[in-house]
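> sequence and predicted structure are below.
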Amino acid sequence: MELIDGTQISAPIIAELKAEVAAQKGRKPCIALVRVGDDPASVSYVRKKEKTAAEIGIESRIILPPVDIRQADLERIIDDLNADHTVDGILVQSPMQKQIDELLIFRRIAPGKDVDGLGTMNLGKVAQDDDTGFVSCTPAGIMALLARSGVDLKGKHVVVIGRSLLVGKPVALLALQKRAGANGTVTVCHSGTANLPAITRQADVLIAAIGRPEFVTADMVKPGAVIIDVGINRIADASRKTGYRLVGDVAFETVSPIAGKITPVPGGVGPMTVAMLMSNTVKAQRLSGAA
Ligand code: NAP
């Protein structure tokens, strides 16, 4: 078994971005990070994004609207950021509060600043094999992890568990694209899928994006398969100071001995997601001509 180490793989990407930003003469790239509410996972994700941005030399502007903000007021914040020429990228951390229609917020972000890649235009470009837009960060990170670990999807059966807008659907589209490294034969599973283990056992590459702790067990995996564990789940653990520990959607202890390659949680897909967000932000500034 080979560990696909996301922290290690993301390091040169971060270093390259740092060098690119350092070489710029004008204004540094700027990302607006909007977080509504105090969901502990969101707080830690936004903090990590802010920290990595600082390391690269990207300015981050943290916007914390009141937790009971109305849809129209959040849309006004997005409109202001869209119009602000000193802001290159906008990310609104998901999940948002119940009163907010997330999809309308994703669609509201100007396509040229949609560095999270969840708006209609950028998701559409993924379906069209058009790389002029922004690929959403987690799916882009998964593809980069596979490419940089020497996994070519051509001729492989790729099984994705999960069909969310954030991960499952876009990563399935990316794996399907007719381009080097992709060209996979893709099956997408979800909660309505019958005989899930029979399908996952056919996977040469299994991508788990379910949001259920240790859902994928050894009996669901073909020996030698490449396993990408997207899940980040907090489970209670009295032995930890925090009172919890993070586990993925894959039962790492029992699956890793039979896997060909596998990502850990934490330290797998997570660091790549952040690296891709930074890469998209630098790209946004470059494309806008502001770099
Ligand atoms: P989501 O929106 O809740 O989607 C979960 C998907 O899993 C849905 O499509 C759902 O099917 C499917 N599912 C749920 N139970 C199932 C079952 N018993 N059998 C088969 N499919 C089932 O979650 P998400 O946003 O994609 O996130 C998934 C996980 O990845 C979460 O743990 C999240 O925290 C993590 N995540 C990590 C990163 C990272 O950077 N590492 C980034 C984003 C998300 P239906 O569509 O039928 O409901």
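Yep, it's here.
> got the residues of the chain near the ligand?
138, 161-164, 166-168, 189-193, 196, 209-212, 230-233, 269-270, 273 (C-beta under 6 Å from any ligand atom). All C-beta atoms are positioned from the backbone trio N, CA, C, and that covers glycine.
> so which of the residues you listed are in strands?
Secondary structure from DSSP state E places 161, 189, 233 of these in strands.
> enumerate every residue touching the residue most central in space within the chain.
Residue closest to the average C-alpha location in the chain (C-alpha atoms, centre = their mean): Thr138, at 1.6 Å. Residues near Thr138 by C-beta atoms under 8 Å, 6 or more residues apart in numbering: 166-167, 171, 209, 230, 269, 272-273, 276.
> try it again at 6 Å.
167, 273 (C-beta atoms under 6 Å, 6 or more residues apart in numbering).
> next: His190.
Arg163.
> Val221 too?
Neighbouring residues of Val221 by C-beta under 6 Å, 6+ apart: Val255.
> how far away is it from Thr200?
Going from Val221 to Thr200 by C-beta to C-beta, to the nearest Å gives 7 Å.
> that older thread, neighbour-wise, which one of the ones in strands among the residues of the chain next to the ligand leads?
Counting neighbours by other C-beta atoms under 10 Å, Ile161 leads those with 28 neighbours.
> contacting residues for it?
With C-beta under 6 Å, 6+ apart, Ile161 has these contacts: 189, 208, 210.
> the protein: helices as residue ranges?
Here the chain has its helices, by DSSP state H, at 6-22, 40-56, 71-83, 102-108, 120-127, 137-148, 168-176, 196-200, 252-255, 269-288.
> please convert these to TSV, extending it with distance to Cys30 and mean pLDDT.
Shown next, in TSV, are the helices of the chain (distance: least, C-beta to C-beta, whole Å; pLDDT from 0 to 100):
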stretch	distance to Cys30	mean pLDDT
helix 6-22	11	98
helix 40-56	9	97
helix 71-83	10	98
helix 102-108	19	98
helix 120-127	19	97
helix 137-148	17	98
helix 168-176	25	98
helix 196-200	42	98
helix 252-255	37	98
helix 269-288	8	97
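> format these as JSON lines; extra columns: distance to Arg245.
Listed next are those as JSON lines, based on distance: least, C-beta to C-beta, whole Å:
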{"stretch": "helix 6-22", "distance to Arg245": "17"}
{"stretch": "helix 40-56", "distance to Arg245": "13"}
{"stretch": "helix 71-83", "distance to Arg245": "33"}
{"stretch": "helix 102-108", "distance to Arg245": "28"}
{"stretch": "helix 120-127", "distance to Arg245": "33"}
{"stretch": "helix 137-148", "distance to Arg245": "21"}
{"stretch": "helix 168-176", "distance to Arg245": "25"}
{"stretch": "helix 196-200", "distance to Arg245": "25"}
{"stretch": "helix 252-255", "distance to Arg245": "12"}
{"stretch": "helix 269-288", "distance to Arg245": "14"}
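> among the ones you listed, which comes closest to Lys156?
helix 168-176 (8.7 Å; C-beta to C-beta).
> and the angle for that closest one with helix 120-127?
Orientation of helix 168-176 against helix 120-127 (axes from the mean of the first three to the mean of the last three C-alpha atoms, to 10 degrees) gives an angle of 40 degrees.
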